[in-house]
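A.B. asks: what shape does this take:
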Amino acid sequence: MVENYREDPSFKPEYSYKDRETGEEASAPFPVAVFGVDSNKTFLGVGNVIGVVETSFGDNPVIELEDIEDGQKYTILGLESWWTHPVPEEVVEHMADGSLAVDSVRRYLDELRADEELSEAADNAWLEDQGIDPES
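C.D. replies: Numbering: from 1, shown residues only. Sure thing, here's the model as predicted:
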């Protein structure tokens with residue numbers, strides 16, 4: 001997995017989004033509210049869609065967020081998160097009044113990668129149990 005999707009060879013600093021309901025269009029960079037795809041509905045903050053990378057699922061938006069704990073910027077794919085544009089008023093209000101806590105994007109990505117590694121290991125073990133070489 002790429003540490004920073006800006007460094008991915010397929011990264012392009014362009015992405016266009018059109019809201020299905022309003023028809024409003026936005027081009028990268030544009031702000032988004034970002035939540036984790038985990039069952040906890042982890043709120044990762046407000047970041048910016050900064051471009052796109054090619055994945056096995058097609059082009060995927062790249063979102064850059066500042067981590068609440070270490071202040072570093074991290075990139076996450078649209079398929080690794082749930083994002084919305086424009087940033088909903090209620091998200092801004094709840095962030096301002098403290099009722100919506102921002103979680104660490106770094107920790108979220110670490111957990112996502114660990115889960116991916118465990119899943120891959122389980123898949124490989126199953127293949128080996130079936131007499132199939134996981135590398136083939």
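A.B. asks: state which strand of the chain is the longest.
C.D. replies: The longest strand of the chain (DSSP state E) is strand 43-55.
A.B. asks: next secondary structure after it?
C.D. replies: strand 58-66 (DSSP states H and E).
A.B. asks: please spell out which residues along the next helix or strand after that following strand are buried.
C.D. replies: Remark: after strand 58-66, the chain's next helix or strand is strand 73-77, criterion DSSP H and E. Counting neighbours by 16 or more other C-beta atoms under 10 Å, one finds that the buried residues in strand 73-77 are 74, 75, 76, 77. (C-beta placed from N, C-alpha, C; glycine too.)
A.B. asks: cool, stretch 31-43 as well?
C.D. replies: Neighbour counts over stretch 31-43 (16+ other C-beta under 10 Å) mark 32, 33, 34, 35, 36, 42, 43 as buried.
A.B. asks: in this structure residue 27 contacts residue 14, no?
C.D. replies: Yes. Between residue 27 and residue 14 there is a contact at 7.2 Å, judged by C-beta atoms under 8 Å.
A.B. asks: work out for me the element residue 33 sits within.
C.D. replies: strand 30-36.
A.B. asks: my error: substitute residue 92 in the last question.
C.D. replies: helix 89-96.
A.B. asks: that older thread, any chance of the buried residues of stretch 31-43 in TSV, plus pLDDT?
C.D. replies: Shown next, in TSV, are the buried residues of stretch 31-43 (pLDDT from 0 to 100):
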residue	pLDDT
32	97
33	97
34	97
35	96
36	92
42	92
43	96
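A.B. asks: among those residues, which one sits closest to residue 22?
C.D. replies: Distance to residue 22 across those (C-beta to C-beta) is lowest for residue 32, with 14.9 Å.
A.B. asks: in the sheet, who's paired with that closest one?
C.D. replies: Legend: beta-bridge partners of residue 32 under DSSP bridges are residue 47.
A.B. asks: measure it to residue 136 for me?
C.D. replies: 40 Å (C-beta to C-beta, to the nearest Å).
A.B. asks: so residue 110 sits in a helix?
C.D. replies: Yes. Counting by DSSP: H, G, I helix; E, B strand; the rest coil, residue 110 is part of a helix.
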